[in-house]
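1. Give me coordinates for this.
(one chain, ligands or ions: 3)
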Amino acid sequence: ASRGYAASCVAAIDAARTSLHEAEERLGRMDAIAGDGDHGRGMVRGVDAAAAAAAAALEQGAGAGDVLAAAGDAWADKAGGTSGVLWGAGLRAFGETVGNSAAPGERDLAAGVAAFADRIIQLGKAETGDKTMVDALLPFTATFSRKVAEGSAPVQAWAEAAADAATAAEATAQLLPLKGRARPLAEKSLGTPDPGATSLAMVFRVMGPHFAG
Ligand code: ADP
Ligand code: MG
Ligand code: MG
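-> Ligands and ions are numbered 1, 2, ... in the order given. Modelled structure (predicted):
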């Protein structure tokens, strides 16, 4: 009886796929300002592989945790960049935490979101203010767990968290990148938001109705 949330996870990744295909060029242009310009392409390659792996796992009867682990591994393997390794590991950690339950509760979701962030920070070692995806991710996890603790419905908590992540991603425009490929040309990136923070806020927004619906 693990199909329910496993199918939601496949739908979440499909929603991410649609929005990343739409945003591919814009994310690439953002990354080209101080980085190497491949962020849109990398995210699309990663999410395409993740969507295929997730659908195949669901087809074989896998539960949510195993669907997310398969999706994460495929994403990290195929994206070919820093953000892909981090997204892949984060999705796997989310899956390991939520497990194969057909209907995880809001505390499981909050723990899953926290595990996603912890894994990314553990691997990438970025801190708040380094101008990376972590600058959008930490506000997301903080708002989500606070709203859930206050008794908000998960889908509502997720929507508010995603709005905070988008605001935080925009605010990275004023920061200088201290991690990743954009660091050598850091000054050039002033005035432009971090591409990884921007894509994270966008993807989390569209995943919400599926992951938390
Ligand atoms: P690459 O930099 O390998 O070309 P991408 O262009 O796909 O990979 O991703 C760049 C994004 O990755 C950056 O905008 C930033 O958000 C994120 N990033 C880079 N280094 C780190 C890190 N150490 N920790 C967290 N995120 C990082
Ligand atoms: Mg890049
Ligand atoms: Mg690259």
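2. so how far is the longest helix anywhere in the chain off the chain centroid?
-> For the chain, the helix reaching the highest residue count under DSSP state H is reported as helix 3-34. Relative to the centre of its chain, helix 3-34 is centred 9 Å away, using C-alpha atoms, centre = their mean, to the nearest Å.
3. and it, does that touch ligand 3?
-> No. Judged by C-beta under 5 Å from the ion, helix 3-34 makes no contact with ligand 3; its nearest approach is 7.8 Å. Any C-beta I mention is one placed from the backbone N, CA and C, and that applies to glycine too.
4. what comes up buried for that helix?
-> Using 16 or more other C-beta atoms under 10 Å as the test for burial, helix 3-34 gives 5-17, 19-20, 23-24, 27-28, 30-32, 34.
5. Is there proximity between the helix or strand harbouring residue 169 and ligand 1?
-> Assigned by DSSP states H and E, residue 169 belongs to helix 154-171. No. Contact of helix 154-171 with ligand 1 (C-beta under 6 Å from any ligand atom) is absent, the minimum separation being 9.3 Å.
6. Give me the helices and strands touching that helix, please.
-> Applying 3 or more C-beta pairs under 8 Å, 6 or more residues apart in numbering; DSSP states H and E, we find helix 154-171 packed against helix 106-124, helix 134-149, helix 195-211.
7. For this structure, what lies in contact range of ligand 3?
-> So far as C-beta under 5 Å from the ion goes, the chain lies against ligand 3 at 36, 38, 81.
8. ok, and the most crowded of those residues?
-> The most neighbours of any of these, using other C-beta atoms under 10 Å, belong to residue 81, which has 22 neighbours.
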